[in-house]
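Visitor: Dropping a prediction and its sequence here:
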Amino acid sequence: MGKINVAIIGVGNCASSLVQGVHYYKDAKEGEFVPGLMHVNLGGYHIRDINFVAAFDIDKNKVGKDLAEAIYTKPNNTYVFCQVPSTGVKVERGMTHDGLGKYLSQIIQKAPGPTADIVGILKETKTDVVLNYLPVGSEEGTKWYVEQVLDAGCGFINCIPQFIAKEKYWQKRFADRGLPVIGDDIKSQVGATITHRVLTRLFRDRGVKLEHTYQLNFGGNTDFYNMLERERLESKKISKTTAVTSQLDYQLDPDDIHVGPSDYVPWLKDRKYCHIKMEGRTFGDVPLMLEMKLEVWDSPNSAGVVIDAIRCCKLALNNGLKGQLDAPSAYFMKSPPVQYTDDEAHKMVEDFIKATALPAPTKKQEVAK
């Protein structure tokens with residue numbers, strides 16, 4: 001059961017933070033509160049059990065490099081908190097499709113040569129779980145990779161807002177192959193959307209009528225640069241807006257809520273600024289207004305969530321669970337097939353972990369370790 005073999009589609013900032021984090025926390029002590037982590041040990045798997053075996057990208061500056069070198073290659077610009085030694089994993093030439101939009105094509109040049117044999121590589125490396133980190137708006141690219149994942153027989157985690165896990169068609173495709181899928185659109189640990197969701201639920205639970213709200217986000221990474229192409233924003237806006245409105249039991253007029261990326265500021269690099277404003281009515285119909293600002297390094301903020309999603313996906317594979325995974329999707333993703341409150345989703349995922357955990361090691365096994 002030891003290792004979890006993981007392949008990455010898209011070696012950008014999110015992949016960089018994830019790979020750094022797995023190395024950074026490899027000696028984290030179980031049973032202690034470790035800043036940045038929700039679980040050191042999840043269902044019998046430590047963070048160090050995550051083993052990167054394959055990676056795919058189309059950037060000529062990354063393809064052919066060791067994964068440990070590619071994660072620091074421009075245009076990646078996230079916070080470097082760990083120097084990762086050579087992994088022995090070469091970044092392979094991936095499929096482009098609609099992954100390279102109008103703006104990204106100005107700073108990224110496609111690597112020459114044909115697309116690698118994705119299915120063959122996934123099978124050869126005995127990949128358990130595949131992560132999708134393609135740019136927002138990569139609908140055709142995501143669907144193409146999902147077909148490769150299904151053919152290779154891997155679990156799939158869809159970290160972007162191109163809807164896979166919430167669509168009946170793809171749920172059935174994964175169920176028919178006996179494979180799990182978690183999606184869609186990864187939440188951060190404490191990011192713009194999760195904060196906005198919790199505040200929205202707080203208003204509702206405390207009897208405040210939310211009437212108007214916005215969430216304005218801007219940053220300096222390639223995600224924000226890519227989303228200057230407004231046509232690529234539709235699924236992202238749907239994902240973030242639904243994540244917030246799902247916490248209400250009444251409808252907000254579309255004109256009364258605005259949630260979405262707003263602009264690109266290059267010098268911010270991978271830092272993200274979020275401004276939230278909420279207006280409502282409280283006791284006696286007296287107005288109430290909340291304003292807040294959140295500043296985060298965007299990619300590290302989601303890496304810890306992905307680390308948990310990987311381990312939940314592996315537990316599902318171990319237990320023969322197939323199709324979309326309700327509890328992990330609800331807790332880790334902005335646009336799961338079914339929305340719950342965050343308290344409900346947290347309890348659900350903890351119950352999932354307990355139900356699917358590896359058997360506790362015997363004393364003889366502990367001594368051997």
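Guide: Ah, there it is.
Visitor: Next one: Val11 from Gly153, what distance?
Guide: From Val11 across to Gly153, the span is 23 Å (Cβ to Cβ, to the nearest Å). No exception for glycine: its C-beta is placed from N, CA and C like everyone else's.
Visitor: Name the residue in the two with the higher neighbour count.
Guide: Counted by other Cβ atoms under 10 Å, Val11 and Gly153 do not tie: Val11 has more neighbours, with 25 against 16.
Visitor: Who does the closest residue in space to the more buried one that isn't next to it in sequence form a beta bridge with?
Guide: Of all residues not flanking Val11 in the chain, Asp57 sits nearest, at 4.4 Å (Cβ to Cβ, 6 or more residues apart in numbering). When bridges are called by DSSP bridges, Asp57 pairs up with Arg93.
Visitor: I figured Asp57 hits Gly10, correct?
Guide: Yes. If you go by Cβ atoms under 8 Å, Asp57 and Gly10 touch, sitting 6.2 Å apart.
Visitor: So these two - more neighbours on which side?
Guide: Between Asp57 and Gly10, Asp57 has the larger neighbour count (other Cβ under 10 Å), namely 28 against 25.
Visitor: any idea how far Leu67 is from the more buried one?
Guide: 10 Å.
Visitor: Over to Lys236?
Guide: Distance from Lys236 to Leu67, counting by Cβ to Cβ: 27 Å.
Visitor: do the same with Met95
Guide: 18 Å.
Visitor: Between the two, which has more neighbouring residues?
Guide: A side-by-side neighbour count of Met95 and Leu67, using other Cβ under 10 Å, places Leu67 first with 24 against 19.
Visitor: That one touches Val91, doesn't it?
Guide: Yes. Judged on Cβ under 8 Å, Leu67 makes contact with Val91 at a distance of 6.0 Å.
Visitor: which residues of this structure fall in helices?
Guide: 13-24, 67-70, 118-124, 139-152, 168-177, 192-205, 222-226, 234-245, 300-318, 326-332, 342-356, 363-368 (DSSP state H).
Visitor: now those helices as TSV including mean pLDDT and distance to Gln106?
Guide: Formatted as TSV, those follow (pLDDT from 0 to 100; distance: least, Cβ to Cβ, whole Å):
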stretch	mean pLDDT	distance to Gln106
helix 13-24	98	18
helix 67-70	98	20
helix 118-124	98	27
helix 139-152	98	18
helix 168-177	98	32
helix 192-205	97	26
helix 222-226	95	9
helix 234-245	93	20
helix 300-318	98	25
helix 326-332	98	33
helix 342-356	97	38
helix 363-368	49	54
